[in-house]
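>>> A structural model of the following input is requested.
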Amino acid sequence: MFDTMSDVMASLSFVDIFNVCVFVAFTCCYTYQLFYVFWVLTHRAPKAEAKRNHRYAVLVAARNESAVIADLIHSIQVQNYPTELIDVFVIADNCTDDTADVARDAGAIVFPRSNDKQVGKGYALDYGLKAIWDKYADNDYEAYFVFDADNVLDVNYFREMNKTFDGGAKASTSYRNSKNFASNWISAGYGVWFLREAKFLNQARLSLNTSCAVSGTGFFIAADVLERAGGWKWHLLTEDIEFSTDSIIHGTRIAYCPTAVLYDEQPITFRDSWNQRYRWAKGFYQVFAHYAGGLVKGIFANPRGYRFACYDMLMTIAPGMLLSVISITFNAIIIALASMGLMSTGVAVASSVSSIFFCLANYVLFMFVLGVLTTFVEWDSIRASTAVKIRSMFTFPVFMLTYIPIALVALVGKASWKPIKHSITVDVAEYSTSSAIPQRRD
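The predicted structure is shown next:
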């Protein structure tokens, strides 16, 4: 119990100081991303041209993806790029359906894999990569592309990515769009987030000549990078972010190609979305635990051009959401202690209530502004009706609010890879135009 005015003032001071420190820390760490937004709005992305065409292998780790994988393979086969320079390899990973047969009939080379001990995309990619080295070494692939089975590519995807590779990039990500933005508020939330990542993070990094980060799908890695690594050695829950972090620490710059467009299928049920984002949150915690020290060291010890890239990547994997969770949890504890009679001051409780409201209100407001800005800037790229686009501006903050309990539970819970069913098929020909809206075919 606090029985004196000095105790009251001390408790008030501690609560207020704590909340101010959290706010200042968050502001100092992430204000540079507002500069990214300003930079993108005032500068055009640099253009690239290729002097020659290169030879590529495509890796697709697929588990029970018979409904969608043919669309991906077909979208690769109709590229505005010499098809003889692209070979598609599908790792049919622990499949219980006919994914292998469908992929083979569509024109891919299939490697069936059965391993219930080493589960996850990273292990499947490593298996496929080493199978290629063993059986197709004479093909002399210069880089390896990684896609998910539910992806569909714009017809100019390889032509544009070839420009980036020909320019000397050792790894590069691409513009990630959604093929089912209009399904519901969940898919729209994903869609806005990935468009924001492409436009206001990776494009800014490209223009400022710092390193980008690969995220999920739609990227290439040069063959010599993978050969030096001895295969795909990144096996945490978010193997893509682990690869990005490891690359930046060791001085490998990841590029971005804003003109290479990939369409991704987003989850449409909250359960699938929770499972996926829970795994991502846990994976980010894992990467932070394993690589934060190397990034901190790199900020001071890496060559000058990579110091900021290390800082940027540290802020990407740092549990920034955790600052909000900590602030809300701390203030909730203060309120709970007061309600149980363990604190006698109502001033500190009022401060905690206002801090929780301030934290949540500012988070929602920031996400609303971010969603509106992203939607308007990328308006013509979003494959949805005007009404859906406007609605998504208001539902995006709600989608992002659901990250708070996910980040909190991921701190203490265990996570494992869980498959997400993909079923949305499209007419690949529609992806040669920007105005067509893909329709689901049953």
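>>> buried residues of the one helix or strand residue 104 maps to, list them for me.
For residue 104, the host element (DSSP states H and E) is helix 99-106. If you call a residue buried by 16 or more other CB atoms under 10 Å, then helix 99-106 has these buried ones: 99, 100, 102, 103, 106. C-beta here means a position set from N, CA and C on the backbone, and glycine is covered the same way.
>>> just say helix, strand or coil for the nearest residue to residue 359 once chain neighbours are set aside.
Closest residue to residue 359 in three dimensions, ignoring its sequence neighbours and counting by CB to CB, 6 or more residues apart in numbering: residue 327, at 5.3 Å. Using DSSP: H, G, I helix; E, B strand; the rest coil as the criterion, the local structure at residue 327 reads helix.
>>> just confirm residue 231 contacts residue 131, I think it does.
No - when contacts are counted by CB atoms under 8 Å, residue 231 is not listed as touching residue 131 (10.5 Å).
>>> looks to me like residue 84 is in a strand.
No - assessed with three-state DSSP, residue 84 is helix; it does not lie in a strand.
>>> give me the neighbour count for it.
Applying other CB atoms under 10 Å, we find 8 other residues in the vicinity of residue 84.
>>> ok, now residue 139?
12.
>>> likewise for residue 131?
Using other CB under 10 Å, the number of residues around residue 131 comes to 15.
>>> just residue 363 next, same as before
When counting by other CB under 10 Å, one arrives at 18 neighbours for residue 363.
>>> which helix or strand lies directly C-terminal to the helix or strand harbouring it?
Using DSSP H and E, residue 363 falls within helix 346-377. Going down the chain from helix 346-377, the next helix or strand is helix 386-401, by DSSP H and E.
>>> counting by contacts, list what that following helix packs against.
Helices and strands in packing contact with helix 386-401 are listed as helix 185-196, helix 346-377; criterion 3 or more CB pairs under 8 Å, 6 or more residues apart in numbering; DSSP states H and E.
>>> would you mark the buried spots in it?
Neighbour-count burial for helix 386-401, counted by 16+ other CB under 10 Å, picks out 388, 389, 391, 392, 393, 395, 396, 397, 399, 400.
>>> tabulate those in CSV, adding columns for pLDDT and distance to residue 75.
Written out in CSV, the entries for the buried residues of helix 386-401 read as follows (pLDDT from 0 to 100; distance: CB to CB, whole Å):
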residue, pLDDT, distance to residue 75
388, 97, 24
389, 97, 24
391, 97, 28
392, 96, 25
393, 96, 30
395, 97, 29
396, 97, 28
397, 95, 33
399, 96, 28
400, 93, 30
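>>> now, among the residues you listed, which is nearest to residue 89?
Closest approach to residue 89 among the buried residues of helix 386-401 (CB to CB): residue 399, at 34.5 Å.
>>> what about the closest residue to residue 62 other than its chain neighbours, how many neighbours?
The shortest distance from residue 62 to any residue other than its chain neighbours is 4.1 Å, reached at residue 149 (CB to CB, 6+ apart). Taking other CB under 10 Å as the criterion, the count of residues near residue 149 is 26.
>>> kindly report the same for residue 23.
Residues lying near residue 23 (other CB under 10 Å) number 16.
>>> contact partners for it?
Residue 23 makes contact with residue 327, according to CB atoms under 8 Å, 6 or more residues apart in numbering.
>>> which SSE is it in?
Using DSSP H and E, residue 23 falls in helix 5-30.
>>> what is the subsequent helix or strand relative to that helix?
For helix 5-30, the succeeding helix or strand toward the C-terminus, using DSSP H and E, is helix 32-42.
>>> what does the average pLDDT come to for that next one?
Per-residue pLDDT over helix 32-42 has a mean of 93.
>>> low-confidence stretches in this structure?
Across the chain, residues meeting the criterion (pLDDT under 70) sit at 1-16, 19, 319-326, 328, 331, 334, 337-356, 431-442.
>>> how far is the lengthiest strand in it from where the chain is centred?
Ranked by number of residues, the top strand in the chain under DSSP state E is strand 255-264. The gap between the average C-alpha position of strand 255-264 and the chain average comes to 13 Å, counting by CA atoms, centre = their mean, to the nearest Å.
>>> also stretch 96-103?
Chain-centre distance of stretch 96-103: 27 Å, with CA atoms, centre = their mean.
>>> who touches it?
Contacts with stretch 96-103, where a contact means CB under 8 Å, 6+ apart, come from 60, 62-66, 69-70, 73, 90, 92, 110, 112, 149.
>>> tell me the spacing between residue 177 and residue 430.
Counting by CB to CB, to the nearest Å, the gap between residue 177 and residue 430 amounts to 13 Å.
>>> the more surrounded of these two?
Neighbours per residue, other CB under 10 Å: of residue 177 and residue 430, the larger number sits with residue 177, 22 against 16.
>>> spit out the contact partners of that one.
Each residue near residue 177 by CB under 8 Å, 6+ apart is listed here: 191, 194, 195, 261, 262, 263, 264, 381, 382, 383.
>>> who wins on neighbours among those residues?
Neighbours here are counted as other CB under 10 Å. On that basis the top member of the contacts of residue 177 is residue 191, with 32 neighbours.
>>> what residues are up against that one?
Contacts were defined as CB under 8 Å, 6+ apart; by that measure residue 191 touches 177, 178, 181, 266, 382, 392.
>>> what about the fourth one, how many residues nearby?
Put plainly, it is residue 266. Quick note: residue 266 (other CB under 10 Å) scores 25 neighbours.
>>> thought it was touching residue 183?
Yes - with the criterion set as CB under 8 Å, residue 266 and residue 183 qualify as a contacting pair; they are 7.2 Å apart.
>>> anything in contact with each of residue 231 and residue 131?
With contacts taken as CB under 8 Å, 6+ apart, not a single residue reaches both residue 231 and residue 131.
>>> SS state for residue 231?
Put simply, residue 231 is coil when judged by three-state DSSP.
>>> residue 117 versus that one, what's the distance?
As defined by CB to CB, residue 231 lies at a distance of 17 Å from residue 117.
>>> of those two, who's got more company?
residue 231 (15 against 5).
>>> give me the element the residue nearest to the more buried one when sequence neighbours are not counted is part of.
Using CB to CB, 6+ apart and skipping residues adjacent in sequence, the residue nearest residue 231 is residue 126, 4.7 Å away. Element membership for residue 126 (DSSP H and E) is helix 121-135.
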